[in-house]
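Novice: Here's my sequence, what's the structure:
(one chain, ligands or ions: 2)
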Amino acid sequence: MKSDEVILSAKNISVTFPVAGRQLVAVDGVSLEVREGETVALVGESGSGKSTTALALIRAIPIDSGELRFLGQDITNLREKDLFSARRQMQMVFQDPYSSLDPRMTVQEIITEPLRAHGMQEIAEQRVSELLAAVGLSPDHSSRKPDQFSGGQRQRIAIARALALRPRLIIADEPVSALDVSIQAQIVNLLQDVQREFRMSYLIIAHDLGLVNHIADRVIVMYLGRIVEEGTADQITWEPKHPYTVSLLSASPGDAHLRKNRIILGGEPPSPIDRPSGCPFHPRCPIAQERCVTETPKLLEIESGRKVACHFSGVMDPPLVEIQSYS
Ligand code: ADP
Ligand code: MG
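Specialist: Ligands and ions are numbered 1, 2, ... in the order given. Have a look, this model is predicted:
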């Protein structure tokens, strides 16, 4: 069930890392909201600050500034012991199911570990078989160890573990990018199925926008630590306003054939330690003008829930039609 209740909100959060005596701004003034029952996709190339944002949201790393609220509570400065109950309601699924599961533990131990940590061991036994069934694994699997499973099955185990405490929110950081392409869709579909069964919100992080836009309600696009566009999944898919979003769509193997207007980006994004002046995307942008070199575009709300940070988003459609490739 979706509702308008905002369960997670971040206001203007920034995270910097000291790197070789300089400050690397990994997350630069990000604001986002996740509502009850909603699936929000956070997308962007590698290095855009998605994982750092996720870690900041769960208070796993400190933020330099900004405000975090979860389930009506300001958690920005909560001490570790006071975070205990919030932690129960937000769980993470990580990218690599090979490193995220302890190889010495059995599946049963892995899945029930969060229950034990939260003093709920008495319901563990019964919940394991329910969770295994929910993620499409057999109860016979519970005494095996992770090395007996494929990557896809391991990610199913990680999802079962994330569900164990019946959280209100799951943050999944690139949950399928370490998996075989052939099983990525299965795991995305599984995430969708368990959301129906267990009713929680998702923040799903991905670099392949085409893989997640069909299960997302809203999409937030990041580039070099900043949000550059936000909208419903349909708006982002069919009426992208930022040239960077168009490039992400163009790069998606599943989606590319759908599009006439493509932008194929060459190379890697610049490092956030040497962020370009003006619009950080301007050196790679096919529609950049003088103004983009000097003036950083603000993230403007162009209609309710629809945001874009581009000086030329309004005039982008005609020029893009002519752009077949760019590098
Ligand atoms: P994404 O998840 O979108 O690939 P990350 O959040 O992992 O991006 O990284 C954003 C930027 O922050 C990158 O430039 C990365 O190198 C840098 N970064 C991330 N974690 C650290 C860290 N612990 N120390 C220094 N730099 C980091
Ligand atoms: Mg990441």
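Novice: which bits of the stretch 201-327 of the chain sit near ligand 1?
Specialist: S271, P272 (C-beta under 6 Å from any ligand atom). Where C-beta positions appear, they are placed from N, C-alpha and C, glycine not excepted.
Novice: ok, now which ones touch the residue in the stretch 201-327 of the chain that ligand 1 sits nearest to?
Specialist: Ligand 1 sits closest to P272 of the stretch 201-327 of the chain, with a gap of 4.8 Å, by C-beta to the nearest ligand atom. Contacts for P272 (C-beta atoms under 8 Å, 6 or more residues apart in numbering) come out as L24, V25, A26, D28, G47, G49, L224, G225.
Novice: let's go with 10 Å and repeat that
Specialist: 16-17, 19, 23-28, 47-49, 52, 223-226, 280 (C-beta atoms under 10 Å, 6 or more residues apart in numbering).
Novice: Likewise for C292?
Specialist: Contacts of C292 (C-beta under 10 Å, 6+ apart): P276, S277, G278, C279, P280, F281, H282, P283, C285, C310, H311, F312.
Novice: What is the longest helix anywhere in the chain packed up against?
Specialist: Counting by DSSP state H, the longest helix found in the chain is helix 181-198. When contacts are defined as 3 or more C-beta pairs under 10 Å, 6 or more residues apart in numbering; DSSP states H and E, helix 181-198 packs onto strand 39-43, helix 124-134, helix 151-163, strand 169-173, strand 201-206, helix 209-212.
Novice: Mind doing that once more with 7 Å?
Specialist: Here helix 181-198 touches helix 151-163, helix 209-212, going by 3 or more C-beta pairs under 7 Å, 6 or more residues apart in numbering; DSSP states H and E.
Novice: would CSV of these with mean pLDDT and mean neighbour count be doable?
Specialist: Shown next, in CSV, are the helices and strands packed on helix 181-198 (pLDDT from 0 to 100; neighbours: other C-beta atoms under 10 Å):
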stretch, mean pLDDT, mean neighbour count
helix 151-163, 97, 23
helix 209-212, 89, 24
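Novice: Output those in a markdown table; the columns should cover distance to I75.
Specialist: Converted to a markdown table, these look like this (distance: least, C-beta to C-beta, whole Å):
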| stretch | distance to I75 |
| --- | --- |
| helix 151-163 | 19 |
| helix 209-212 | 26 |
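Novice: so which of these gets nearest V194?
Specialist: If you check each of those against V194 by C-beta to C-beta, helix 151-163 wins as the nearest, at 6.2 Å.
Novice: what's in contact with the closest one?
Specialist: 91-94, 97-98, 100-101, 107, 110-111, 113-114, 131-132, 134-137, 146, 149, 170, 175, 178-180, 183, 186-187, 190-191, 194, 198 (C-beta atoms under 7 Å, 6 or more residues apart in numbering).
Novice: Repeat that for stretch 225-242.
Specialist: So stretch 225-242 is contacted by 25-30, 48-49, 213, 216-222, 244-246, 249, 272, 280-281, 299, 305-310, 313, 316 (C-beta under 7 Å, 6+ apart).
Novice: end-to-end on that stretch?
Specialist: 16 Å (C-alpha to C-alpha, to the nearest Å).
Novice: pLDDT on it, on average?
Specialist: For stretch 225-242, mean pLDDT is 95.
Novice: same deal with stretch 75-94?
Specialist: On average, stretch 75-94 scores 94.
Novice: list the contacts for the residue lying closest to I75 once chain neighbours are set aside?
Specialist: In space, I75 comes closest to L68 once its chain neighbours are excluded; the distance is 5.1 Å by C-beta to C-beta, 6 or more residues apart in numbering. Listed by C-beta under 7 Å, 6+ apart, the contact partners of L68 are A10, I13, L57, I75, T76.
Novice: what pairs with the residue nearest the centre of the chain across the strands?
Specialist: The centroid of the chain falls nearest to I205 when counting by C-alpha atoms, centre = their mean (2.0 Å). On the basis of DSSP bridges, I205 is bridged to L42, D173.
Novice: Return the residues in contact with it.
Specialist: By C-beta under 7 Å, 6+ apart, the neighbours of I205 are L42, K50, S51, A54, A172, D173, E174.
Novice: Would you map the helices across the stretch 201-327 of the chain?
Specialist: 209-212, 233-238, 243-251, 290-294, 317-322 (DSSP state H, counting those that start in this stretch).
Novice: sorry, back to before: any of the contacts of stretch 225-242 buried? List them.
Specialist: Among those, those classed as buried by 16 or more other C-beta atoms under 10 Å are 25-28, 30, 48-49, 213, 216-222, 244-246, 249, 272, 280-281, 299, 306-310, 313, 316.
Novice: Just to check, L224 is in contact with P269?
Specialist: Yes. Counting by C-beta atoms under 7 Å, L224 does reach P269; the two are 6.2 Å apart.
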